[in-house]
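Novice: how does the following fold in three dimensions:
(one chain, ligands or ions: 2)
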Amino acid sequence: MNQEETFNTRTDISELGEFNLIDQLTFETVLKQPTSIKGIGDDAAVIDSGDHFTLVSTDMLVEGIHFDLSYTPLKHLGYKAIIVNLSDIYAMNAVPTQVTVSIGISNRFSVEALEEIYKGINLACDSYNVDLVGGDTTSSQKGLILSITAIGVANKGQVAYRSGAKVGDIICVSGSLGAPYLGLHILEREKQIFAELPTLQPKLEDHQYVISRLLKPEARKDIIEALEQGNCIPTSMIDISDGLASELHHIARQSGVGIIIEEAKVPIHPDAKMQAIDFGLDPITCALHGGEDYELLFTISPSDFEAIRYLPDISIIGEVVTRNQGIKLISESGKEHVLTSQGWNHFNQ
Ligand code: ADP
Ligand code: MG
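Specialist: Ligands and ions are numbered 1, 2, ... in the order given. Alright, predicted model coming up:
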């Protein structure tokens, strides 16, 4: 394409979507360094550091897009910003060791407000045994931007990529899914009510579980440690940031396999189930498509079944099948549904 054509063509970003956009911008990227083991396309990049691998992952949080300061305490924001990055390192079956923190701030923020964010950042770094080793500070015209890079370490041979799932593998997920999406729903609803009737005090006590899953997520360090103790290296792994269905699609596509999961096996906390029903939402739809769970989705070889069988907080939700079988969900009534990465609808049976 010559330059004139480039200027005459205008494609809206919304036509592509996030994943196609990344593909389009990076498909010509070639790895030149022999130490670049894995580049774009997984939860973290993998770099050969001699006797071990180094992992690197970056995530950016933008005010108004990823968080709303009208209901996000600043300390929680700092904590969550670290957690979402550590989660990407754990998702490679690796251990995070350092982070850098870059902030873009407008003069709307006071020093005290920024200190509050750093209290959360430091708390997360302490509880996950990670060092804050640098960053950058700049001004922004409006709004707050937090960009964090996490660095981790893994033994060679221990790293779990999105691309390693094999036919016959068992599909596992940690914790439970769907709660953060419901927490967001509640906070958005209360924000709306407050805008209309500012004298009404929000009633959030009954919704503590789902709200805390949104505002104060944890990364599944414990699962990585338990897998190591059980001598189990997952064949593939990803963390659930965009929703279980979307992450299953990543694993299937990158591993060249199909996937079948059972609705009845997808873990949903009772409080999340109750909240969903209260909102007239389908709990399984929230669990499949809600996102921001930061749980780990992984596959293991059937020979490792005994190793994970009695580990707490891991659910077996399905099986890896051949690619031509597609990505399917068996509903509680026993019917088979094609599982799209977005919008599987319980009512379209
Ligand atoms: P995750 O949800 O695990 O954080 P993403 O969906 O953000 O992963 O990113 C998928 C892959 O694309 C990662 O390898 C990431 O490093 C890469 N990526 C995302 N945005 C860009 C970009 N603007 N330029 C180059 N690589 C990118
Ligand atoms: Mg990820």
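
Novice: which residues of the stretch 201-349 of the chain fall in helices?
Specialist: 208-215, 221-229, 244-255, 270-278, 283-289, 305-309 (DSSP state H, counting those that start in this stretch).

Novice: show me the one of those that comes nearest residue 34.
Specialist: helix 244-255 (22.2 Å; CB to CB). Bear in mind the C-beta positions are built from the backbone N, C-alpha and C, glycine included.

Novice: let me see the confidence value for the residue nearest to the spatial centre of the chain.
Specialist: By CA atoms, centre = their mean, the mean C-alpha position of the chain lies nearest to residue 241, the distance being 2.1 Å. You'll see residue 241 listed with a pLDDT of 95.

Novice: likewise residue 168?
Specialist: In this prediction residue 168 is given a pLDDT of 98.

Novice: same check, this time on residue 4
Specialist: We note a pLDDT of 55 for residue 4 in this prediction.

Novice: how close does the residue nearest to the centre of the chain sit to ligand 2?
Specialist: 5 Å (CB to the ion, to the nearest Å).

Novice: so which bits of the stretch 1-150 of the chain are right by ligand 2?
Specialist: 43, 88 (CB under 5 Å from the ion).

Novice: please give the element, helix or strand, for the closest residue to ligand 2 within the stretch 1-150 of the chain.
Specialist: Going by CB to the ion, ligand 2 is nearest to residue 43 of the stretch 1-150 of the chain, at 3.8 Å. Assessed by DSSP states H and E, residue 43 sits outside every helix and strand.

Novice: contacting residues around it?
Specialist: 57, 88-89, 91-92, 162, 237-239 (CB atoms under 8 Å, 6 or more residues apart in numbering).

Novice: now intersect the residues you listed with the strands, please.
Specialist: 57, 237-239 (DSSP state E).

Novice: quick one on the thing from earlier: wait, which of the contacts of residue 43 is closest to residue 278?
Specialist: When the contacts of residue 43 are compared against residue 278 (criterion: CB to CB), the nearest one is residue 239, at 27.9 Å.

Novice: so that closest one touches residue 298, yeah?
Specialist: No - Residue 239 lies out of contact with residue 298 (CB atoms under 8 Å); the separation is 9.5 Å.

Novice: for those two, indicate the residue with more neighbours.
Specialist: residue 298 (30 against 24; other CB atoms under 10 Å).

Novice: quick one: that one from residue 51, how far?
Specialist: Relative to residue 51, residue 298 is positioned 25 Å away (CB to CB, to the nearest Å).

Novice: can you name the residues of the stretch 151-300 of the chain sitting close to ligand 1?
Specialist: residue 241 (CB under 6 Å from any ligand atom).

Novice: for the stretch 151-300 of the chain, give me the ranges with low pLDDT.
Specialist: 200-202 (pLDDT under 70).

Novice: bridging residues for the residue in it positioned nearest to ligand 2?
Specialist: For the stretch 151-300 of the chain, the residue closest to ligand 2 is residue 239, as judged by CB to the ion, at 4.3 Å. Here residue 239 sits in beta bridges with residue 296, going by DSSP bridges.

Novice: which residues touch it?
Specialist: 43, 87-88, 90-91, 219-220, 247, 294-297.

Novice: picking that back up, now the ones in strands among the contacts of residue 43 as TSV including distance to residue 203?
Specialist: As requested, these are arranged in TSV below (distance: CB to CB, whole Å):
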residue	distance to residue 203
57	38
237	39
238	36
239	32
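
Novice: buried among those residues? Make that a PyMOL selection.
Specialist: The buried subset of the ones in strands among the contacts of residue 43, as determined by 16 or more other CB atoms under 10 Å, is captured in PyMOL by this line:
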select buried, resi 57+237+238+239
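
Novice: what's the farthest-apart pair in the ones in strands among the contacts of residue 43?
Specialist: Top of the distance list for the ones in strands among the contacts of residue 43 (CB to CB): 57 and 237, 13.3 Å.

Novice: still on that earlier bit, torsion angles phi and psi at the residue nearest to the centre of the chain?
Specialist: Note on residue 241: its backbone torsions stand at phi -100, psi -40 [degrees, to the nearest 10].

Novice: settle this for me: it is touching residue 295, isn't it.
Specialist: No - look at residue 241 against residue 295 with CB under 8 Å: they stay out of range, at 9.7 Å.

Novice: what's near enough to touch the residue in the stretch 101-250 of the chain that ligand 1 sits nearest to?
Specialist: Nearest residue of the stretch 101-250 of the chain to ligand 1: residue 241, at 4.6 Å (CB to the nearest ligand atom). The contact partners of residue 241, by CB under 8 Å, 6+ apart, come to 84, 87, 247, 291-294.

Novice: same question, residue 122
Specialist: By CB under 8 Å, 6+ apart, the neighbours of residue 122 are 78, 132.

Novice: surely it is in a helix?
Specialist: Yes - judged by DSSP: H, G, I helix; E, B strand; the rest coil, residue 122 forms part of a helix.

Novice: so for it, what's the pLDDT?
Specialist: 98.

Novice: so how far is ligand 2 from the residue lying closest to residue 258 once chain neighbours are set aside?
Specialist: Spatial nearest neighbour of residue 258, excluding adjacent residues (CB to CB, 6 or more residues apart in numbering): residue 325 at 3.9 Å. Computed as CB to the ion, the residue 325 to ligand 2 distance reads 25 Å.

Novice: isn't residue 325 right up against residue 252?
Specialist: No - between residue 325 and residue 252 there is no contact under CB under 8 Å: 10.0 Å.

Novice: between the two, which contacts overlap?
Specialist: What both residue 325 and residue 252 touch, as defined by CB under 8 Å, 6+ apart, is the set residue 258.
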